[in-house]
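In: could you look at this predicted model? Sequence included:
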Amino acid sequence: MTTDNKVHLKFDFEDNIYIFSEAVKQQTERIQKYGHGGEYENYERLTVQDFFDNDKPFNIEIGIGNGEFISEYAKKHPDQNFLGFEVMKRIFRRAVVKARQVEHENIRLIHFDATFFVSILQDESVDNFYVNFPDPWPKKKHKKRRILKTKFIKLLVQKLKPGGTLCIATDQIDYAQEIVENLKPIAELSSVYDTIYIDRLDDYLPTKYYRKFVPELGVHFFRLKKTGG
């Protein structure tokens with residue numbers, strides 16, 4: 001369906017939980033037809049109600065891994081909505097299994113590029129973004145592929161409500177330091193901690209990845225609040 005010559009993406013979530021990119025053939029055909037690489041003006045802006053049948057607080061996790069974090073958070077906060085993205089099919093299928101075990105209707109998982117969907121969200125519509133252990137691309141020649149560049153962080157800030165938060169966890173100290181540098185041009189974000197990031201967070205839900213790497217490398221946590229809330 002289109003409105004004012006703009007494409008409105010509609011989602012039918014199987015079992016109220018997940019959607020495979022293969023299962024939205026019409027949507028991906030539209031994306032290919034109307035543009036993906038930056039041509040986001042061709043799409044109507046999406047809100048929480050496009051994914052859930054309510055307007056409860058809207059949380060998004062980018063890169064859900066095996067789904068442990070988002071599933072446990074959805075279980076812990078039944079009065080909030082949780083939308084997760086994962087591009088790797090094999091990993092995504094594991095997340096689907098985990099989400100089904102939770103059996104809550106406040107979780108949706110999408111096997112697709114998060115950057116695309118975040119770009120067509122309505123501005124100031126998201127309460128919290130979570131980016132847990134993003135791919136560090138450790139080889140020097142690959143570091144340009146890291147997702148948390150200044151441009152992408154600015155996009156997340158644009159979509160956050162005033163007072164909303166961007167929460168990041170990484171076990172790579174050089175990635176944490178790079179994030180610090182990438183945050184410098186972004187005046188709208190400030191750390192809720194006394195320092196820009198901390199190395200221990202007692203109320204963090206311990207995922208399998210977290211349990212595996214905390215003893216060895218330690219984890220660096222950012223919790224950044226958008227001004228105005």
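Out: Sure, I can see it. For clarity, every value in this text was computed on a predicted model and none was experimentally measured.
In: helices or strands next to the lengthiest strand in the chain in the packing?
Out: When the chain is parsed with DSSP state E, its longest strand is strand 160-170. Under the contact criterion of 3 or more Cβ pairs under 8 Å, 6 or more residues apart in numbering; DSSP states H and E, strand 160-170 touches strand 126-132, helix 150-159, helix 173-183, strand 220-226. Backbone N, C-alpha and C define where each C-beta goes, glycine included.
In: pretty sure residue 9 contacts residue 50?
Out: Yes: using Cβ atoms under 8 Å, residue 9 is in contact with residue 50, at 7.3 Å.
In: next SSE downstream of the longest helix seen in the chain?
Out: The residue-count maximum for a helix in the chain (DSSP state H) belongs to helix 89-102. Next in sequence after helix 89-102, counting helices and strands by DSSP states H and E, comes strand 107-110.
In: list the buried ones in whichever helix or strand comes after that following strand?
Out: Next helix or strand after strand 107-110 toward the C-terminus (DSSP H and E): helix 114-119. Neighbour-count burial for helix 114-119 flags 114, 117-119 (criterion: 16 or more other Cβ atoms under 10 Å).
In: now stretch 149-160
Out: Here stretch 149-160 shows 152-153, 156-157, 159-160 as buried, counting by 16+ other Cβ under 10 Å.
In: so which of those comes closest to residue 13?
Out: residue 159 (20.8 Å; Cβ to Cβ).
In: excluding sequence neighbours, find me the nearest residue to the spatially most central residue of the chain.
Out: Residue closest to the average C-alpha location in the chain (Cα atoms, centre = their mean): residue 62, at 2.5 Å. In this structure, residue 62 finds its nearest non-sequential neighbour in residue 114, 4.5 Å apart by Cβ to Cβ, 6 or more residues apart in numbering.
In: who's in contact with the one you found?
Out: When contacts are counted by Cβ atoms under 8 Å, 6 or more residues apart in numbering, residue 114 touches 60, 62-63, 85, 87.
In: buried members of these into PyMOL, please.
Out: Selecting only the buried entries of the contacts of residue 114 in PyMOL, with 16+ other Cβ under 10 Å as the criterion:
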select buried, resi 60+62+63+85
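In: neighbours of residue 91, just the number please.
Out: By other Cβ atoms under 10 Å, the residues close to residue 91 number 15.
In: mind listing what it touches?
Out: 64-66.
In: and if you look at residue 160?
Out: Taking Cβ under 8 Å, 6+ apart, one finds 124, 126-129, 166, 226 in contact with residue 160.
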